[in-house]
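**Student:** dropping a prediction and its sequence here:
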Amino acid sequence: MMKKINVFKFLIIICCTFFLNTAFSQRFNPFPESVGTVVFESEEDPIVKKVASPSIVILSNGDYLVSHDFDRGTSVHVSKDRGKTWNLLSRVAPLIWANIFEHNGDVYLMGTSKGWGNIVIYRSTNQGKTWSEPKDEFTGILAKGMFHTGPVPIVKHKGKIWRAYEEAFDAKNRRDFHAFAICADEDADLLQASSWKRTTSIRFDEKWINAKRPNWLEGNLVVTPEGKLVDFIRLETWAGKGVNYTIEGAAKGKPRNEIAGLIDVDEEHMKMIFKNEKRNFVHFPGAETKFTIRYDSLSKQYWTITNKISSFRNTNGRTHDGNWHQRNVLVLMSSSDLMNWTIKKKILKWGEGMHLRTWDTFGFQYVDWVFDSNDIAFVSRTSWYGFRYHDANMITFHRISDFRKSNTNMEPEDLRKYTKHPVLVAIPQANLKKDRSKIGDFDIVTRLGKGLVQNARGELKFATKDKPAKNEKQALALGRYFDVEIRNSKMKNFSVEALTYTPVTNSGNMKIKWTYSTNGLLFDPITRYLLNVENRVTDTSPEEERTLYLQVYRPLNSVSAQEGIVLRCYIVGGSEEDVMFNFMDQIVIGGRKL
């Protein structure tokens with residue numbers, strides 16, 4: 001039983017305002033209406049309150065319901081016009097990672113009570129307006145333990161309703177997933193724990209594939225063409241340091257980062273079986289990210305929407321720029337046998353072909369979808385100027401018309417064109433050693449820390465031979481930073497929306513860290529990451545650093561022009577004898593006069 005503390009916090013919150021529109025528009029460059037509808041956009045700090053785990057169902061009365069995680073609970077939104085507009089219908093807590101579905105006239109949410117919490121299920125008898133409350137094994141707490149899942153689909157098979165989960169047994173190693181399935185009779189009371197049975201669970205053995213941390217999670221239970229039940233499961237195959245990039249073992253010959261697992265479900269003996277044979281590893285573009293698979297009886301095809309990686313590199317064990325960070329391209333795929341998949345068309349893309357890193361900002365992911373006559377209706381956990389691609393700030397709704405007639409030759413527009421920002425001011429590299437300068441109407445003050453000097457070519461060098469800084473705190477103590485202060489006496493406010501630059505160094509381990517301050521005293525971080533400087537002085541064509549998009553930092557949306565803003569850049573690392581660093585001519589600050 002749950003402890004009866006913080007009762008108000010954990011009770012089901014019923015939203016009584018049916019007409020509360022929860023779409024919130026970015027101040028600059030809002031999500032383009034031409035490609036989808038915003039179901040929900042967080043006005044909260046996405047660093048603290050992330051938007052996640054979307055799921056969709058079309059009710060028998062025609063209502064569209066979308067659920068998603070937010071603020072340690074699940075929000076449910078309704079559309080009565082086939083996804084054109086959305087309103088908040090209800091809030092349910094404690095519940096995350098849930099899928100929403102209709103069964104025997106009622107609506108259900110099924111997930112966990114928290115991250116790695118109990119398996120719980122909620123029921124609504126009024127189309128999602130109010131929900132039951134799991135209190136015990138008779139009212140929706142189906143199992144207690146450390147369980148994991150995503151908004152994966154339920155499947156009905158031979159009179160039973162099935163769903164996939166994972167469990168962990170070590171609180172210090174929660175991502176050591178063991179996959180299993182649960183089922184109940186279709187006519188049973190789904191809130192009763194006794195109605196449900198479970199299979200054994202199975203762990204992915206590290207010996208089965210050469211990877212840094214081979215792991216499986218967020219499986220889809222699917223009925224094969226032969227009528228067998230399988231768990232078609234996301235598989236992480238990141239190549240670690242010192243690991244051969246070419247796949248070895250039973251999955252040999254398949255491309256890394258595009259391999260899904262196929263676990264057999266022995267329904268009679270309630271066992272999960274994985275024989276580590278060739279058929280257990282499926283070439284599946286998008287296998288590194290959660291996906292939903294459903295069967296269409298008209299086309300006699302299985303369909304899915306996944307994240308297609310568009311830039312493959314062997315990063316030699318580095319994790320910040322691993323291929324799996326690319327969730328910027330969505331594709332529609334189909335298969336007649338679950339073993340051979342064909343990309344039917346691209347659906348959404350932002351910066352296709354760019355090799356994105358963990359701190360990059362745009363992503364469409366964790367797609368859930370349903371058939372809607374000749375269409376597919378889907379929802380995405382979307383980062384559109386979120387904190388980073390993974391930490392989304394909105395749920396978006398989309399439609400694929402006449403999906404069975406999908407044409408691979410029809411390319412969607414690249415949404416990168418909607419994320420351009422005007423230049424507010426460009427700071428020449430040479431100006432970093434100047435105390436004061438004037439660029440247009442802007443007064444610029446630059447300051448080098450005591451640990452930096454700038455030579456005649458504009459290159460930054462260390463003033464002392466101290467040991468390299470390991471973080472920004474040590475860089476501050478060593479004076480290995482510079483400030484750029486921007487003011488304007490001829491306007492009231494301005495925005496700071498983007499940072500674009502091309503860093504170059506002769507060091508093999510240099511990183512930088514950007515921060516900002518609106519008072520010159522307290523500095524807030526831009527991303528939580530140290531940004532690797534990967535261009536070398538020997539590179540003939542240095543690659544421009546990915547733009548840092550700053551809209552998520554709300555104080556930068558409107559800066560008092562009189563008081564101004566300070567951007568500070570710390571230089572971390574650099575262990576070589578004669579370290580050099582520069583910005584290839586200039587630092588471009590995107591923004592606009594307000």
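**Tutor:** Here it is on my side, so go on. Just so you know, these numbers come straight off a predicted model, no measurement behind them.
**Student:** and for N374, the neighbour number?
**Tutor:** Burial of N374, expressed as a neighbour count using other Cβ atoms under 10 Å, amounts to 12. Placement of C-beta: from N, CA and C, glycine included.
**Student:** wait, I meant N316
**Tutor:** A total of 11 residues lie near N316 under the criterion other Cβ under 10 Å.
**Student:** kindly report the same for R528.
**Tutor:** Here the neighbour count serves as a burial measure; for R528 (other Cβ under 10 Å) it reads 12.
**Student:** from V552, how far off is it?
**Tutor:** R528 sits at a distance of 12 Å from V552 (criterion: Cβ to Cβ, to the nearest Å).
**Student:** which one is H421 nearest to, not counting chain neighbours?
**Tutor:** Leaving aside its sequence neighbours, H421 sits nearest to G590 (Cβ to Cβ, 6 or more residues apart in numbering; 3.4 Å).
**Student:** swap that for T304, please
**Tutor:** On the basis of Cβ to Cβ, 6+ apart, the spatially nearest residue to T304 that is not a chain neighbour turns out to be I293, at 4.7 Å.
**Student:** with E258 instead?
**Tutor:** Ranked by Cβ to Cβ, 6+ apart and with sequence neighbours excluded, the top spatial neighbour of E258 is P285, at 5.0 Å.
**Student:** looking at this, the one you found is in a strand?
**Tutor:** No: when DSSP: H, G, I helix; E, B strand; the rest coil is applied, P285 is found to be coil, with no strand at that position.
**Student:** my read: it touches I305, true?
**Tutor:** No: with contact defined as Cβ atoms under 8 Å, P285 does not count as touching I305 (11.2 Å).
**Student:** overlap in contacts, these two.
**Tutor:** Counting by Cβ atoms under 8 Å, 6 or more residues apart in numbering, the common neighbours of P285 and I305 are 331, 333.
**Student:** tell me, how many neighbours does the residue nearest to T304 end up with?
**Tutor:** Close neighbours of I293, defined as other Cβ under 10 Å, add up to 23.
**Student:** now do the SS call for the residue positioned nearest the centre of the chain.
**Tutor:** The chain has H390 as the residue nearest its centroid, 2.5 Å off, counting by Cα atoms, centre = their mean. When the structure is split into helix, strand and coil by three-state DSSP, H390 lands in coil.
**Student:** G351 now?
**Tutor:** Under three-state DSSP, G351 comes out as coil.
**Student:** which residue, neighbours along the chain excluded, lies closest to it?
**Tutor:** Spatially, and ignoring its direct neighbours in sequence, G351 is nearest to R416 (4.8 Å; Cβ to Cβ, 6+ apart).
**Student:** show the average pLDDT along the longest helix along the chain.
**Tutor:** If you go by DSSP state H, the chain has its longest helix at helix 472-478. Mean pLDDT, computed over helix 472-478, is 96.
**Student:** and stretch 363-375, by the same measure?
**Tutor:** Here the average pLDDT along stretch 363-375 is 98.
**Student:** so how far is that stretch off the chain centroid?
**Tutor:** Centroid separation for stretch 363-375 versus its chain: 16 Å, with Cα atoms, centre = their mean, to the nearest Å.
**Student:** cool, and stretch 146-156?
**Tutor:** Stretch 146-156 has its average C-alpha position 18 Å from the chain's average C-alpha position, going by Cα atoms, centre = their mean.
**Student:** before we move on, what about stretch 29-36?
**Tutor:** If you compare the mean C-alpha spot of stretch 29-36 with that of the full chain, they lie 18 Å apart, counting by Cα atoms, centre = their mean.
**Student:** stretch 397-408 too?
**Tutor:** 23 Å.
**Student:** who's in contact with that stretch?
**Tutor:** Residues outside stretch 397-408 that contact it (Cβ under 8 Å, 6+ apart): 35-39, 56, 64, 66, 79, 83, 86, 296, 298-299, 303, 332, 343-345, 347-348, 372, 374-380.
**Student:** where exactly do the helices run in this structure?
**Tutor:** Here the chain has its helices, by DSSP H, at 7-10, 472-478.
**Student:** what pLDDT, on average, does the shortest one get?
**Tutor:** If I follow you right, that is helix 7-10. Computed over helix 7-10, the average pLDDT equals 35.
**Student:** for L499, the count of nearby residues, please.
**Tutor:** The burial count for L499: 21, using other Cβ under 10 Å.
**Student:** ok, now which ones touch the residue nearest to H421?
**Tutor:** Under the criterion of Cβ under 8 Å, 6+ apart, the neighbours of G590 are 421-424, 496-500, 547.
**Student:** so where do the strands sit in the stretch 451-594 of the chain?
**Tutor:** Ranges of strands in the stretch 451-594 of the chain, per DSSP state E, counting those that start in this stretch, are 452-454, 460-462, 481-487, 493-501, 504-505, 511-517, 524-525, 531-532, 548-549, 559-560, 565-572, 580-582, 586-593.
**Student:** reformat these as CSV; add mean pLDDT and distance to P134.
**Tutor:** Conversion of the strands of the stretch 451-594 of the chain to CSV gives the following (pLDDT from 0 to 100; distance: least, Cβ to Cβ, whole Å):
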stretch, mean pLDDT, distance to P134
strand 452-454, 93, 58
strand 460-462, 93, 58
strand 481-487, 96, 52
strand 493-501, 96, 44
strand 504-505, 90, 55
strand 511-517, 96, 44
strand 524-525, 94, 39
strand 531-532, 92, 44
strand 548-549, 95, 40
strand 559-560, 97, 47
strand 565-572, 97, 47
strand 580-582, 90, 56
strand 586-593, 95, 48
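**Student:** among the ones you listed, which is nearest M110?
**Tutor:** Comparing the strands of the stretch 451-594 of the chain against M110 with Cβ to Cβ, the closest turns out to be strand 548-549 (35.5 Å).
**Student:** ok, the closest one: who's next to it in the sheet?
**Tutor:** Using DSSP bridges, the strands paired with strand 548-549 are strand 493-501 (antiparallel).
**Student:** how far away from the center of its chain is the strand it pairs with?
**Tutor:** Here strand 493-501 shows a centroid-to-chain-centroid distance of 24 Å under the convention Cα atoms, centre = their mean.
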